[in-house]
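>>> A structural model of the following input is requested.
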Amino acid sequence: MAKIRIPKQYLEGIEQLRLLSSHDFDLLCSTIQKLPKGVGHKLFIDTIVKELKVDESENIAEAIFSFGGLLVKDNFDSRDTAKDIVSSFSETSELELNEHELDDLEDRIAIVFLNSSNIKLTFEAYDLISASQNVIVKTKIKTDVRLLFDNNSSSTSRNGLIFFNLNLSVQGDNDIRDESFTLDHDDLVKLKDQIEDILIQEESYKLKHKDVINFIDITE
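The predicted model follows:
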């Protein structure tokens with residue numbers, strides 16, 4: 001039994017990776033190698049689709065990005081991991097590939113790994129952030145307007161109140177939970193000021209240490 005389980009949605013992308021022409025495969029590897037440190041899922045997929053220009057590029061990109069977590073495993077070896085992926089693919093896919101075709105696929109996956117040093121750094125950064133017990137994965141602020149009525153039936157004026165609902169989706173150890181907070185105008189201004197202050201501190205720290213540290217900005 002294979003050591004790695006490949007979700008079915010990535011099987012098509014792996015097969016299309018095998019079927020790429022040599023020219024397109026070289027272009028794929030060159031594109032992956034040039035991706036910035038901290039590249040997120042959306043930018044990774046969009047860049048591969050834009051540069052590769054083949055019908056199957058999105059499936060291929062999704063499959064390769066799904067390998068990212070393997071890059072940061074202890075004792076990672078590109079050849080051994082490629083072999084494990086191909087073994088799982090052979091067991092899971094309905095395709096019947098001969099030994100030569102499987103070897104070619106293994107070679108290609110190993111080469112992709114060798115060109116994925118920036119992706120590896122991205123997933124190492126993901127792991128550092130995910131080490132926290134609670135990670136915000138989605139935020140949304142909604143405006144709520146309420147009218148207040150007095151007991152004077154002859155009054156035509158109305159009083160109103162505007163407040164805000166801050167909704168956070170938080171990744172915990174085993175699941176994602178939703179948290180909601182109510183803010184008034186002053187709360188929102190204070191939160192905005194704190195965010196702006198911490199962003200200024202971040203830029204100042206980066207500028208101060210730019211000659212000795214290459215900071216990674218994780219994109220979407």
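>>> now do the contacts for Thr81.
Neighbouring residues of Thr81 by C-beta atoms under 8 Å, 6 or more residues apart in numbering: Ile4, Phe67, Leu70, Lys73, Ile109, Ala110, Phe113. Just so you know, the C-beta spots here come from the backbone N, C-alpha and C atoms, and that holds for glycine as well.
>>> helix or strand for the fifth one, just tell me which one.
So the one you mean is Ile109. Assigned by DSSP states H and E, Ile109 belongs to helix 99-114.
>>> how far away from the center of its chain is that helix?
25 Å (C-alpha atoms, centre = their mean, to the nearest Å).
>>> what sits up against the very next helix or strand once past that helix?
Sequence-wise, the next helix or strand downstream of helix 99-114 (DSSP H and E) is helix 117-130. For helix 117-130, contacts defined as C-beta under 8 Å, 6+ apart pick out 32-33, 35-40, 44, 65, 68-69, 71-72, 135, 171, 216, 218.
>>> pull out the buried positions in helix 117-130.
Buried residues in helix 117-130, defined by neighbour count with 16 or more other C-beta atoms under 10 Å: Asn118, Ile119, Lys120, Leu121, Thr122, Phe123, Ala125, Tyr126.
>>> OK, contacts around the residue most central in space within the chain?
Closest to where the C-alpha atoms of the chain average out (C-alpha atoms, centre = their mean) is His41, at 3.8 Å. By C-beta under 8 Å, 6+ apart, the contact set of His41 is Phe65, Glu220.
>>> and it, how far is that from Val212?
Plainly put, His41 is 30 Å away from Val212 if you go by C-beta to C-beta, to the nearest Å.
>>> same check on Leu188?
Separation of Leu188 from Val212 (C-beta to C-beta) stands at 38 Å.
>>> neighbour count for those two, which is higher?
Leu188 (16 against 6; other C-beta atoms under 10 Å).
>>> roughly how far is the host helix or strand of the more buried one from the heart of the chain?
Applying DSSP H and E as the criterion places Leu188 in helix 185-209. Centroid separation for helix 185-209 versus its chain: 24 Å, with C-alpha atoms, centre = their mean.
>>> domains of the protein?
Here the domain parsing of the chain from automatic domain parsing is 8-129, 132-183.
>>> tell me which of those sits most buried.
Of these, the one with the most neighbours on average (mean count of other C-beta atoms under 10 Å) is domain 8-129, at a mean of 16.
>>> re the thing from before, elements contacting the helix holding Ile109?
Packing partners of helix 99-114 (3 or more C-beta pairs under 8 Å, 6 or more residues apart in numbering; DSSP states H and E): helix 11-19, helix 22-34, helix 78-92.
>>> angle of that helix against helix 78-92?
Counting by axes from the mean of the first three to the mean of the last three C-alpha atoms, to 10 degrees, helix 99-114 lies at 130 degrees to helix 78-92.
>>> can you give the contact residues for helix 99-114?
With contact meaning C-beta under 8 Å, 6+ apart, helix 99-114 is reached by 14, 17-18, 20, 25, 28-29, 32, 64, 67, 71, 78-79, 81-83, 85-86, 89-90, 97.
>>> many thanks, have a good one.
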